[in-house]
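Visitor: 3D model of this:
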Amino acid sequence: MQLGYLGIIALMVFSPFPPELFIPLAGFWVAQGHLNPIGVVAAALCGFLLSILPWYCAGRFLGEKRLQKLLQRHRWLAVPNQDLHKGKHWFRRHGGKAVLICLFVPGSRNLIALPAGLSGMSPVTFLAYTTVGGILWLSGLLTLGYFLGDRYQLVQQHYDSLSSLIFIAVVVVLAICALGYYWQRRGSFTRR
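Guide: Numbers count the residues shown, from 1 in each chain. Modelled structure (predicted):
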């Protein structure tokens, strides 16, 4: 991790890949003495909170009707209206437990913030549940990487070729999404 703790924050906020891929690697670097475990968890938590708070604020301040209009207009956000409605009611039933549980389920971490905001959960309560769950989740990932120890060098040996493949895959997916968006917009203009 050449960028250290700032790099961890940036990865948590901007990376298209889940933290399950890079936080264990940080655990390996902790085992090697290059990083501090508390610093890694603090940086990862900071980045995680920065990535999840916009979703919470969208639910809290836009409200369900405006959010539904936004989601209909911008389908690339990938949150169907019926899922938003179901998530809101499910969240009202389970509350803070839902935040804790969803933090451990890949793909649902950021999405749980929308129904939390829509249901009117206070920002302090949301941050408390998210912080506690985030510390548990990130510490677990870090510990996994720490105890993998030298076995993580096998991953590092193949990292360059793997990262090249991942980069190519991301570029291809982004190109397909851009083309799909272009064709969708083009089709909507020709129908008018």
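Visitor: so, low pLDDT: which residues of the chain?
Guide: The chain contains residues with pLDDT under 70 at 1-3, 74-85, 87, 150-167, 170, 187-192.
Visitor: in it, which residue is closest to the centre?
Guide: In the chain, the residue lying closest to the centroid (C-alpha atoms, centre = their mean) is residue 110, at 5.3 Å.
Visitor: in the one helix or strand residue 8 maps to, which residues are buried?
Guide: Using DSSP states H and E, residue 8 sits within helix 4-14. Within helix 4-14, the residues that count as buried by 16 or more other C-beta atoms under 10 Å are 4, 5, 8, 9, 11, 12. Bear in mind the C-beta positions are built from the backbone N, C-alpha and C, glycine included.
Visitor: so who does the first one touch?
Guide: Spelled out, it's residue 4. Contact analysis of residue 4 by C-beta atoms under 8 Å, 6 or more residues apart in numbering lists residue 35.
Visitor: cool, the fourth one as well?
Guide: Contact partners of residue 9, counting by C-beta under 8 Å, 6+ apart, are 43, 44, 46, 47, 50.
Visitor: burial check on residue 119, number of neighbours?
Guide: Neighbour count for residue 119, taken as other C-beta atoms under 10 Å: 20.
Visitor: how many residues are close by residue 19?
Guide: 23.
Visitor: returning to what we had before: in terms of secondary structure, what does the following helix or strand past the helix holding residue 8 contact?
Guide: Tracing the chain past helix 4-14, the next element assigned as helix or strand by DSSP H and E is helix 19-31. With contacts taken as 3 or more C-beta pairs under 8 Å, 6 or more residues apart in numbering; DSSP states H and E, helix 19-31 sits against helix 4-14, helix 37-57, helix 123-148, helix 152-190.
Visitor: export those helices as CSV, with columns for distance to residue 23.
Guide: Output for the helices and strands packed on helix 19-31, formatted as CSV (distance: least, C-beta to C-beta, whole Å):
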stretch, distance to residue 23
helix 4-14, 8
helix 37-57, 6
helix 123-148, 4
helix 152-190, 12
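Visitor: looking at these, which is closest to residue 67?
Guide: In terms of C-beta to C-beta, the element of the helices and strands packed on helix 19-31 nearest to residue 67 is helix 37-57, at 10.4 Å.
Visitor: buried sites along the closest one?
Guide: 40-49, 51-53, 55-56.
Visitor: re earlier: now the buried residues of helix 4-14 as JSON lines including distance to residue 129?
Guide: Formatted as JSON lines, those follow (distance: C-beta to C-beta, whole Å):
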{"residue": "4", "distance to residue 129": "28"}
{"residue": "5", "distance to residue 129": "24"}
{"residue": "8", "distance to residue 129": "22"}
{"residue": "9", "distance to residue 129": "21"}
{"residue": "11", "distance to residue 129": "23"}
{"residue": "12", "distance to residue 129": "18"}
